[in-house]
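Asker: missing the sequence, but the structure's below:
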């Protein structure tokens, strides 16, 4: 299964230093957006039925060629991963996440999910 999500907004970067209430609005919006895109891609409670864990690969396509810290990109995706977990009705503690950054730009994150420990 795969879905393409928008690149996380810069306000979700841990270095943004915004007031926590302002960040909360961006988190909520990004989580809802990722949930809706996952639903549109066909993710539902049966997608990972019977699986204890899921392998999640994030391929980041940054909006420009500036250097970005890998751990900050991953932290920025927290709300997005929560939205995917909501769409799948899956506890995100079972996610085994790997990340990579593409050489191209595109302002998106391509997510591939594969169930582990059962039939998916």
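Answerer: Cool, the structure landed. Note that the coordinates shown come from a computational prediction; the quantities given were computed from them, not determined experimentally. Numbering: from 1, shown residues only.

Asker: after the lengthiest helix in the chain, next one along is what?
Answerer: Longest helix of the chain, by residue count under DSSP state H: helix 20-40. Sequence-wise, the next helix or strand downstream of helix 20-40 (DSSP states H and E) is strand 53-61.

Asker: Now stretch 103-114: average pLDDT?
Answerer: In this model, stretch 103-114 has a mean pLDDT of 96.

Asker: Just the buried residues of it, please?
Answerer: Residues 108-111, 113 are the ones in stretch 103-114 that count as buried (16 or more other CB atoms under 10 Å). Where C-beta positions appear, they are placed from N, C-alpha and C, glycine not excepted.

Asker: got those as JSON lines, with distance to residue 10 and secondary structure columns?
Answerer: As requested, the buried residues of stretch 103-114 are exported to JSON lines (distance: CB to CB, whole Å; DSSP: H, G, I helix; E, B strand; the rest coil):
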{"residue": "108", "distance to residue 10": "15", "secondary structure": "strand"}
{"residue": "109", "distance to residue 10": "14", "secondary structure": "strand"}
{"residue": "110", "distance to residue 10": "19", "secondary structure": "strand"}
{"residue": "111", "distance to residue 10": "20", "secondary structure": "strand"}
{"residue": "113", "distance to residue 10": "25", "secondary structure": "strand"}
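
Asker: wait, doesn't residue 87 sit right on residue 39?
Answerer: Yes: contact criterion CB atoms under 8 Å: residue 87 and residue 39 qualify, at 5.2 Å.

Asker: Which one's more surrounded, these two?
Answerer: residue 87 (22 against 15; other CB atoms under 10 Å).

Asker: I am finished for the moment; much appreciated.
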